[in-house]
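> I need the structure of the sequence given here:
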Amino acid sequence: MNTYLAVKWLHIVSATILFGTGLGTAFFMWRAMVSGNIQAITVVAANVVRADTWLTTPAVLIQPLSGIWLAHLLGWPLGTRWIALSLILFVLVGCCWIPVLFIQARVARHTSVLASQDLPVDGEVRRLMRFWYGLGWPAFIAMLAIFYLMVFKPLPD
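Residues are numbered from 1 along each chain as shown. From the prediction side, this is the model:
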């Protein structure tokens, strides 16, 4: 296997993990919140934190490195419009994702306390989750745009 194909494979797999984990955790967190079951929310929130630690974080680190490496291997300048826009969108995703990490950790800790006292979901959890979802939508849309740019490579220079 040549270097290009190995790096391309790594880039595609890490993009899949990044997007899939984000979409999956959002779905399960939303479903847990809709249930109103504090025990379920506590378990899901803790697992969302684990998923971001074990899956999303490594993918976030691999994505720009492998993408820049691919551009270098193909002789594409990083200033190529679709690459530059992809990098800008990736930074936008990161600007949404970093606060989400702290929010979901707070939700996990807070719901654990509520569950241990057999208390229902409170206003604090609902408030935090509104921010969590609010940050998730622009990140999700930006990821779709990045996939589009990677596949179609529009915006001729």
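> residues near residue 156, how many?
7 (other CB atoms under 10 Å). Backbone N, C-alpha and C define where each C-beta goes, glycine included.
> low pLDDT regions in this structure?
1 (pLDDT under 70).
> Now the residue nearest the centre of it: phi and psi?
In the chain, the C-alpha nearest the mean C-alpha coordinate belongs to residue 22, at 4.3 Å (CA atoms, centre = their mean). Dihedral angles of residue 22 (phi, psi; degrees, to the nearest 10) stand at phi -60, psi -50.
> Run through the residues that contact it.
Applying CB atoms under 8 Å, 6 or more residues apart in numbering, we find residue 22 in contact with 56, 136, 139-140, 143.
> Residue 11 now?
Neighbours of residue 11 in contact, by CB under 8 Å, 6+ apart: 62-63, 66-67, 70.
> In helices, which of these fall?
62-63, 66-67, 70 (DSSP state H).
> so which of these comes closest to residue 35?
residue 63 (32.6 Å; CB to CB).
> where's residue 128, which helix or strand?
helix 123-152 (DSSP states H and E).
> That helix - contacts with which helices or strands?
helix 3-35, helix 81-116 (3 or more CB pairs under 8 Å, 6 or more residues apart in numbering; DSSP states H and E).
> just to revisit the earlier point, could you export the contacts of residue 11 as CSV, including distance to residue 123?
Shown next, in CSV, are those (distance: CB to CB, whole Å):
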residue, distance to residue 123
62, 38
63, 36
66, 42
67, 41
70, 46
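> circling back to that earlier point, looking at the ones in helices among the contacts of residue 11, which one is closest to residue 154?
Closest to residue 154, out of all of the ones in helices among the contacts of residue 11 and judged by CB to CB, is residue 67, at 16.6 Å.
> Count the residues that sit near that closest one.
22.
> ok, now residue 44?
A count of neighbours around residue 44, defined by other CB under 10 Å, yields 23.
> which residues touch it?
28-29, 31-32.
> Out of these, which end up buried?
28-29, 32 (16 or more other CB atoms under 10 Å).
> re the thing from before, and the furthest pair within the contacts of residue 11?
Between all members of the contacts of residue 11, the farthest pair (by CB to CB) comes out as 62 and 70, at 11.6 Å.
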